[in-house]
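K.L.:
need coordinates for the below:
(one chain, ligands or ions: 1)
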Amino acid sequence: MTATTIAAVRETDRVDESLVSAFGAIVGNDNVLASFDQRLGYARDRLPFAVFRERAGTLAGAVPRLVVRPANEDEIIRVVQLARARNTPIIPYGNGSGVLGGAIPLGGEIMLDTRRLDKIVSINPTDAVVTVQAGMNGAEFERQLNEAGYTCGHLPQSIEISTVGGWLACRGGGQASSRYGKIEDIVAGLKAVLPDGTPLEVRPVARRSVGPSIRDLMIGGEGAFGIITEATLRIWKKPEIERGVVLAFPTQQAAWDCARLIMQAELRPAVVRLYDRVESDERTKDIALFKTKPYLAMMMFSGSEPLVTVEQDMALAIAKELGGEIGPDAPFHHWKENRYVAYSQKWHDAGYFNDTIEVTGNWSAIPAMYDAIGNAVRKIHPGVHFGAHWSHVYPEGACQYMTIRLPPMADEVALPIHARLWDAVQELTLDHGGSIAHHHGAGLFRNPWMQRELGAGLNVLQTIKDALDPANLLNPGKLGLRPGPNAKDIRRD
Ligand SMILES: Cc1cc2nc3c(=O)[nH]c(=O)nc-3n(C[C@H](O)[C@H](O)[C@H](O)COP(=O)(O)OP(=O)(O)OC[C@H]3O[C@@H](n4cnc5c(N)ncnc54)[C@H](O)[C@@H]3O)c2cc1C
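P.N.:
Numbers count the residues shown, from 1 in each chain. Next comes the predicted model:
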């Protein structure tokens, strides 16, 4: 791996002034960021590999040519048209909180920062939908909805550092997904700008039967098929009450069975979180009950009082059948108070190689998948920290969210091990019939496994991409799709 130092890039960096003035004529000169340091701020998202590279003074990808900040759909259309005329690729940018490198430039791109599109357009209480501009900050959006008496039910850990458009583009999942679903279950309609500058509207009607879903080309499209400008999301009355319960289980299997049977019984707690032994121990070390029943589970029931009581009673009856016992609620309060805190930065600052990988497996496969991944990871490096939890559960399966952390060591040693860890996790997930990604998206870092994940579907996606974007101008090289010419291979270059 030949490292491109940031200092060396700065040395040779040149800005194309004609591009600055051409985009400035559309969005205003103040909304074109051209200085090296301003553009460096957009050279990576939160992909841990890119954070490791930056910590070592190097770049995973490239510094974008420019950053443009349009204010509305019309300006976005004109930016896209100009970029096409100048053969300049564009990466839509939300808030850079993605962890798979979806917003990392690979050479020659401009960034289209959506954050000036930052308002709720309307709330329609009769249809129970909200229309919101794509660049609105997630926490601010939910705060304004709450003020109006609603929630959209999408509460990712990164809510404070992500945009609504980023949620859709990555096909994200929030902490209350067992009740409200992932973002694809919440989106009723959207507006986007296609790679040739054509505006696209998917109207927010209740349901439709008019061929395959065009909406779903944008949800999870990671900016490769269009730039999302507006979304209409389902909303619900802000819950009257929320009740948290902590449970201790004698075995991991009992905890898994409990979540499965609750979801299969058509109960929908707002939050269901199960922790493996490593993550349970971290949260329960001072609680006596967990000495005999060491597996931690937490649930939150929310809504109106009578429904919450019935749902909680039924869920707890299932837990009891499986040996689950109610414990002190301190772990629940700790989780709730810290639910939007990002922990990875403290590990990065201390020199560790911390990463998280979320995959999906069905209940019948999860026990073997969890064991196989844990064993493989520990074999690759005995000093690795490996812990998992399951906090998005469905009738058929769950998301397995794993934290993998290598102790401080030289980058030359750590990065090849880090690559082997990723490979083991993704391949073993596929071996067990699972999906390589539950809610973080595919971005750039999952490119090597997209062919095995999608099979012939990847060719379908590439064919659609080629038809919509023949010049490969919208976020090239992501989602396992063809990169642009001279694109950097972040693992090799
Ligand atoms: C600490 C931490 C916790 C996290 N927790 C969660 C979680 O609980 N749930 C979850 O789902 N994710 C989580 N993530 C991942 C990340 O926050 C999400 O993927 C988020 O949706 C990205 O939003 P963003 O606005 O920051 O997008 P960005 O990172 O800026 O972009 C992500 C991708 O979307 C594309 N994109 C962005 N906006 C648009 C648009 N308007 N139109 C088209 N394409 C666009 C970009 O080109 C890029 O490919 C977490 C990340 C961190 C760092």
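K.L.:
going forward, measure contacts and count neighbours with C-alpha atoms only.
P.N.:
Will do.
K.L.:
so G138 is in contact with I161, correct?
P.N.:
Yes: G138 lies in contact with I161 (C-alpha atoms under 8 Å); the separation is 7.3 Å.
K.L.:
A288 versus the nearest residue to T251 once chain neighbours are set aside, what's the distance?
P.N.:
Nearest residue to T251 in three dimensions, chain neighbours excluded: Y295, at 6.2 Å (C-alpha to C-alpha, 6 or more residues apart in numbering). Separation of Y295 from A288 (C-alpha to C-alpha, to the nearest Å): 12 Å.
K.L.:
look at those two and report which has more neighbours.
P.N.:
Using other C-alpha atoms under 10 Å as the criterion, Y295 and A288 rank with Y295 on top: 26 against 12.
K.L.:
enumerate every residue touching the residue nearest to T251.
P.N.:
Y295 makes contact with A248, F249, P250, T251, Q252, A255, L274, Y275, D276, R277, S280, according to C-alpha atoms under 8 Å, 6 or more residues apart in numbering.
K.L.:
what's the local residue count around V9?
P.N.:
With other C-alpha under 10 Å as criterion, V9 counts 16.
K.L.:
cool, L33 as well?
P.N.:
Neighbours around L33, by other C-alpha under 10 Å: 18.
K.L.:
please identify the helix or strand for M263.
P.N.:
Using DSSP states H and E, M263 falls within helix 252-264.
K.L.:
who in this structure is up against the ligand?
P.N.:
For the chain, the residues found near the ligand under the criterion C-alpha under 6 Å from any ligand atom are 45-46, 91-99, 102-103, 134, 156-158, 162-163, 165-167, 169-170, 172-174, 222-223, 226-229, 342, 439-440, 443.
K.L.:
out of these, which are buried?
P.N.:
Buried positions within the residues of the chain next to the ligand, assessed by neighbour count (16 or more other C-alpha atoms under 10 Å), are 45-46, 91-99, 102-103, 134, 156-158, 162-163, 165-167, 169-170, 172-174, 222-223, 226-229, 439-440, 443.
K.L.:
can you name the residues in contact with stretch 258-277?
P.N.:
The contact list for stretch 258-277 (C-alpha under 8 Å, 6+ apart) reads 175-180, 252, 255-256, 294-302, 311-312, 315, 318-319, 322, 363, 387-397.
K.L.:
need the contacts of Y295 in JSON lines (columns: secondary structure, neighbour count and pLDDT).
P.N.:
Shown next, in JSON lines, are those (DSSP: H, G, I helix; E, B strand; the rest coil; neighbours: other C-alpha atoms under 10 Å; pLDDT from 0 to 100):
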{"residue": "A248", "secondary structure": "strand", "neighbour count": "27", "pLDDT": "98"}
{"residue": "F249", "secondary structure": "strand", "neighbour count": "26", "pLDDT": "98"}
{"residue": "P250", "secondary structure": "coil", "neighbour count": "18", "pLDDT": "98"}
{"residue": "T251", "secondary structure": "coil", "neighbour count": "18", "pLDDT": "98"}
{"residue": "Q252", "secondary structure": "helix", "neighbour count": "19", "pLDDT": "98"}
{"residue": "A255", "secondary structure": "helix", "neighbour count": "24", "pLDDT": "98"}
{"residue": "L274", "secondary structure": "strand", "neighbour count": "27", "pLDDT": "98"}
{"residue": "Y275", "secondary structure": "strand", "neighbour count": "25", "pLDDT": "98"}
{"residue": "D276", "secondary structure": "coil", "neighbour count": "21", "pLDDT": "98"}
{"residue": "R277", "secondary structure": "helix", "neighbour count": "16", "pLDDT": "98"}
{"residue": "S280", "secondary structure": "helix", "neighbour count": "21", "pLDDT": "98"}
